[in-house]
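> Output the structure for:
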Amino acid sequence: MWKHLLSSFLARTIRSGSLVIEFPCGSSKHFGETGRDAVHVCLTSEKVVRDLVLDPELRLGEAYMEGTLQIRNDDLFNLLDLLMRNLLERPTFLHQGALSRARRILRSISQFNSSGRAKKNAAHHYDLSHQFYRFFLDSDMQYSCAYFSNDADSIDQAQGKKKALIAKKLLIEPGHRVLDIGCGWGGMGLHLNRHHGAHVTGVTLSREQLEVAQRRASAESRRSTPEFRLEDYREVRGTFDRIVSVGMFEHVGTPHYREFFTHLKDRLASDGIALVHTIGRSGPPSATDAWTAKHIFPGGYCPALSEVATAVERSGLIITDVEVLRLHYARTLKLWRSRFETRLSDVRRLYDDRFCRMWRYYLTASELAFRRGGHVVFQLQLTRRQDVVPVTRDYLLDASGNSERPHCTEMPTAGVRVPGSRAGTRNDSGGDQASATPA
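Next comes the predicted model:
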């Protein structure tokens, strides 16, 4: 029965491209176009066939993780690309619509991220070994969408341009007090301190990230260095000239959107500027897919712009600029995926094969979500007053009128005002062998 149901669905769905499924009984079926290079998939048990019928959104990724769904030449990208292209054009199983509606209804519960729950969710993803992230991120460990101004940009160059772009939008000046919400491994805070003379306070819920960020700050030779703390953004007190949050809003949770922006307003000086950089969706509100919510980002969600704008309006903040970065993250993820594959043997010394397959699936599916699935990145500039930022966007250009952001020179220290559980399984045969601090 399960084989028949899955075959019937695939026959209706796969029209573009070619797919061959080998079932546990030994029989094979072809779906889609003939005369084309097919993606070959082997399903090793009757259970995986049943699971793919009952809940494909969750079970496809889990079957790949467990090895019960095997792809010839491990061609995961082309399998997911084929499925996504066809599923975007045609309906899913009838019960899949019901599952999606149920997840949408229940998302307020799954995304109710109290302080304690938020810490647990952060630890699940970000308290992996920092050496693991060093295997595929840029040298500054920027774990968010880069900004590519031309095709020749490397990941390091594009991440540098992202930081410079954000600094431009913040109109940073020497001595500004900056709050960095979700500071990661400290790269953005260190950039604003080194190149713009800002006094930075960064907060994170990840102990692993905090340790690296603090070590990087202590290695600085400057008189004033960023302060990094293990602290929930809701616990921060004081007033700041600038607030920046890069790649953190995805973890706030829909029930807390108004609370988040109200807190930004309360912490922001009357002439202050905030910049929120977040993954979003170009379509209407939805729910996080089941596999990602379970295995990668529990409590996470990429919002529609309408959801964010509504929360901002209710907080009393003013949206002074919105930029939508469309394919920049797809390119970022492609480069991360390539670097991850290159260092796969090193990853296996830290974590087991199941973990490696989980991350390959995550990076691949995420790239395709930005290429085909309507995911984008929003950069929102926020103020408390209309007159705080220029009335045109010319300030984002350099003196020649070029939109490419030049490398910023380091600001002098003189005269600067300074105001008062891991995801995956450790592999017993290896551990974190490197101790180098990110540059």
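> Just give me the neighbour total for the spatially closest residue to Phe112 that is not a sequence neighbour.
Sequence neighbours aside, Pro255 is the residue nearest to Phe112 in space, at 5.3 Å (criterion: CB to CB, 6 or more residues apart in numbering). C-betas here are computed from N, CA, C, even on glycine. A total of 14 residues lie near Pro255 under the criterion other CB atoms under 10 Å.
> just the CA coordinates of the helix or strand containing Cys356, formatted as PDB?
Per DSSP states H and E, Cys356 falls inside helix 353-371. Only the C-alpha atoms of helix 353-371 are listed here, as PDB (Å, rounded to 0.1, in the frame of the first residue of the first chain):
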ATOM      1  CA  ASP A 353      28.400  10.300  10.300                       C
ATOM      2  CA  ARG A 354      24.800  11.000  11.200                       C
ATOM      3  CA  PHE A 355      25.800  14.500  12.300                       C
ATOM      4  CA  CYS A 356      27.700  15.000   9.000                       C
ATOM      5  CA  ARG A 357      24.700  13.900   7.000                       C
ATOM      6  CA  MET A 358      22.400  16.200   9.000                       C
ATOM      7  CA  TRP A 359      24.600  19.200   8.300                       C
ATOM      8  CA  ARG A 360      25.000  18.400   4.600                       C
ATOM      9  CA  TYR A 361      21.200  18.200   4.400                       C
ATOM     10  CA  TYR A 362      20.800  21.500   6.300                       C
ATOM     11  CA  LEU A 363      23.300  23.400   4.200                       C
ATOM     12  CA  THR A 364      21.900  22.000   1.000                       C
ATOM     13  CA  ALA A 365      18.200  22.500   1.800                       C
ATOM     14  CA  SER A 366      18.900  26.000   3.100                       C
ATOM     15  CA  GLU A 367      20.700  27.000  -0.100                       C
ATOM     16  CA  LEU A 368      17.800  25.800  -2.200                       C
ATOM     17  CA  ALA A 369      15.300  27.600   0.100                       C
ATOM     18  CA  PHE A 370      16.900  30.900  -1.000                       C
ATOM     19  CA  ARG A 371      17.300  29.900  -4.600                       C
END
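> what is the mean pLDDT for the helix or strand following that helix?
Next helix or strand after helix 353-371 toward the C-terminus (DSSP H and E): strand 375-383. If you average the pLDDT over strand 375-383, you get 98.
> Same check on stretch 208-226?
Rounded mean pLDDT across stretch 208-226 is 93.
> Residues contacting it, please?
126-130, 141, 180, 183-186, 189-190, 192-194, 199-202, 204, 227-230, 413, 416, 418, 437-438 (CB atoms under 8 Å, 6 or more residues apart in numbering).
> Which of these are buried, as a ChimeraX select command?
Typed into ChimeraX, the line below selects the buried ones among these, using 16 or more other CB atoms under 10 Å:
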select :126,127,128,129,130,141,180,183,184,185,186,189,190,192,193,194,199,200,201,202,204,227,228,416,438
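> Mind checking which of the contacts of stretch 208-226 land in strands?
The strands, defined by DSSP state E, take in 180, 199-202, 204, 227-230 from these.
> So which of the residues you listed is the closest to Ala293?
Thr204 (21.5 Å; CB to CB).
> about what we covered before: helix, strand or coil for the residue nearest to Phe112?
With DSSP: H, G, I helix; E, B strand; the rest coil as the basis, Pro255 sits in helix.
> Could you check the pLDDT of it?
90.
> just checking, it touches Gln111?
Yes: checked against CB atoms under 8 Å, the pair Pro255 and Gln111 is within contact range at 6.2 Å.
> Which neighbours do these two have in common?
Between them, Pro255 and Gln111 share no contacting residue, judged by CB under 8 Å, 6+ apart.
> Max pairwise distance over the ones in strands among the contacts of stretch 208-226: which two?
His199 and Leu230 (19.2 Å).
> The strand ranked longest in the chain to strand 375-383, inter-axis angle?
Longest strand in the chain, counting residues (DSSP E): strand 268-281. Calculated by axes from the mean of the first three to the mean of the last three CA atoms, to 10 degrees, strand 268-281 forms an angle of 170 degrees with strand 375-383.
> CA atoms of strand 268-281 as CSV?
The C-alpha trace of strand 268-281 is given here as CSV (Å, rounded to 0.1, in the frame of the first residue of the first chain):
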residue,chain,number,x,y,z
LEU,A,268,17.7,53.2,22.1
ALA,A,269,18.6,56.9,22.6
SER,A,270,16.2,59.4,21.2
ASP,A,271,18.5,60.1,18.3
GLY,A,272,19.7,56.5,18.0
ILE,A,273,19.6,54.0,15.1
ALA,A,274,18.9,50.3,15.2
LEU,A,275,19.7,47.8,12.4
VAL,A,276,18.0,44.3,12.4
HIS,A,277,19.4,41.8,9.8
THR,A,278,17.2,38.7,9.6
ILE,A,279,16.2,35.9,7.3
GLY,A,280,12.7,36.2,6.1
ARG,A,281,10.2,35.0,3.5
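> List the buried residues in it.
268-269, 272-281.
> Where does the prediction get shaky in this protein?
Residues of the chain meeting the criterion pLDDT under 70: 89-108, 398-439.
> Do you have the strands of it handy? List them.
18-22, 28-32, 39-43, 69-71, 177-181, 199-204, 227-230, 240-246, 268-281, 318-325, 375-383.
> of all those strands, which lies closest to Tyr147?
Of all the strands of the chain, strand 318-325 sits nearest to Tyr147, with 6.9 Å by CB to CB.
> neighbouring contacts of that closest one?
By CB under 8 Å, 6+ apart, strand 318-325 touches 145, 147, 169, 273, 282, 305, 309, 312, 376-386, 388-389, 393.
> Strand partners (parallel or antiparallel) of that strand?
Its sheet considered, strand 318-325 pairs with strand 375-383 (antiparallel) by DSSP bridges.
> Could I have the CA atoms of the strand it pairs with written out in CSV?
Presented in CSV, the C-alpha positions along strand 375-383 are these (Å, rounded to 0.1, in the frame of the first residue of the first chain):
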residue,chain,number,x,y,z
HIS,A,375,13.6,32.9,1.4
VAL,A,376,15.3,36.3,1.5
VAL,A,377,17.2,38.5,4.0
PHE,A,378,15.7,41.7,5.4
GLN,A,379,17.8,44.6,6.7
LEU,A,380,15.6,47.0,8.7
GLN,A,381,16.8,50.4,9.8
LEU,A,382,14.8,51.7,12.8
THR,A,383,14.7,54.9,14.7
